[in-house]
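Peer 1: next input, structure requested:
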Amino acid sequence: MVETSIEAIRINVVTDEHIVILKEVNGTRFLPIWIGAFEAQAIAWEIKGTEIGRPMTHDLLRSAIEEMGGSVERVVVNDLRERTFYALITIHLDGRTLELDSRPSDAIALAVRTHSPIFVEDHVMEQTGIPMAEEGPEEREAAAPGESRAPSEELDPEKLSVFRDFINNLDINLDVDDPERGKD
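Peer 2: This next block holds a predicted model:
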C-alpha cells in the first residue's frame, strides 16, 4: 500500500466537475479522483477549519464511531473497476477490526475529520497514478485514469492531452496548503 496525502481539491466551474488529488507521501505520483460537489466541499471545509453550525453526514459518522468506542485506523482506496474507484474504511472497535465499503470521497471526508491516514493499494496506484516529473506542468507525464502501463513504457502525448487539458483548465483550486490560492 502507498500512503498518500491530499494535495488539492479542484473545481471546474464551467462543467461543475470536482476532483481530489492525492499525492504519494514518499514519491512523486498523484492520484486524481473525480468526486461529487458535496463531498468536495465537505473535505475542503474540514481542511480549512470552516465552522459549520450543524454536523454534516461525515461529522455524524465520526461521532457515531467515537460514541461506540471505536476509532478510524485508516482509509484505503482499494480498487478501480469500470472507471469507478472503491475504498475501505478500517475501524477498530472493541478489539475487532471492521472494514466498511465506501466511496473514496466519503472515506477521505471521514479521514480528514479523524486525522486518519489515507492509503492507495499498489495495483490502483500503478494503474492510475500520475508520475510528476521535475519539469513544469507542460512536461509532466500522466497515464489516463483506468489505463495501466509499464513504468518504462513511453507515454503517448496525444493520449495524455485530454487529462492535461482538464487539469490545466480547472478554474478554482481549493489548495489544501494555501486556502487563499485560487480565489479571485
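Peer 1: tell me how far the strand or helix carrying residue 66 is from the chain's mean position?
Peer 2: If you go by DSSP states H and E, residue 66 is part of helix 57-67. Here helix 57-67 is found 20 Å from its chain centre; the criterion is Cα atoms, centre = their mean, to the nearest Å.
Peer 1: for that helix, name the packing helices and strands.
Peer 2: When contacts are defined as 3 or more Cβ pairs under 8 Å, 6 or more residues apart in numbering; DSSP states H and E, helix 57-67 packs onto helix 37-48, strand 71-81, helix 104-114. Any C-beta I mention is one placed from the backbone N, CA and C, and that applies to glycine too.
Peer 1: with respect to burial, which of those scores highest?
Peer 2: Neighbour counts averaged per stretch over the helices and strands packed on helix 57-67 are highest for helix 104-114, at a mean of 24; criterion: mean count of other Cβ atoms under 10 Å.
Peer 1: helix 37-48 and that one, what's the angle between them?
Peer 2: If you take axes from the mean of the first three to the mean of the last three Cα atoms, to 10 degrees, helix 104-114 sits at 20 degrees to helix 37-48.
Peer 1: list the helices and strands helix 104-114 packs on?
Peer 2: Partner elements for helix 104-114 (3+ Cβ pairs under 8 Å, 6+ apart): strand 17-24, strand 29-35, helix 37-48, helix 57-67, strand 71-81, strand 84-93, strand 118-120.
Peer 1: now do that helix and strand 71-81, the angle between them.
Peer 2: Using the same axes, to 10 degrees: helix 104-114 against strand 71-81 is 160 degrees.
Peer 1: hmm, who's touching helix 104-114?
Peer 2: The contact list for helix 104-114 (Cβ atoms under 8 Å, 6 or more residues apart in numbering) reads 6, 20, 22, 33, 35-36, 39-40, 42-43, 46-47, 58-59, 61-62, 65, 71-72, 74-77, 85-89, 102, 116-118.
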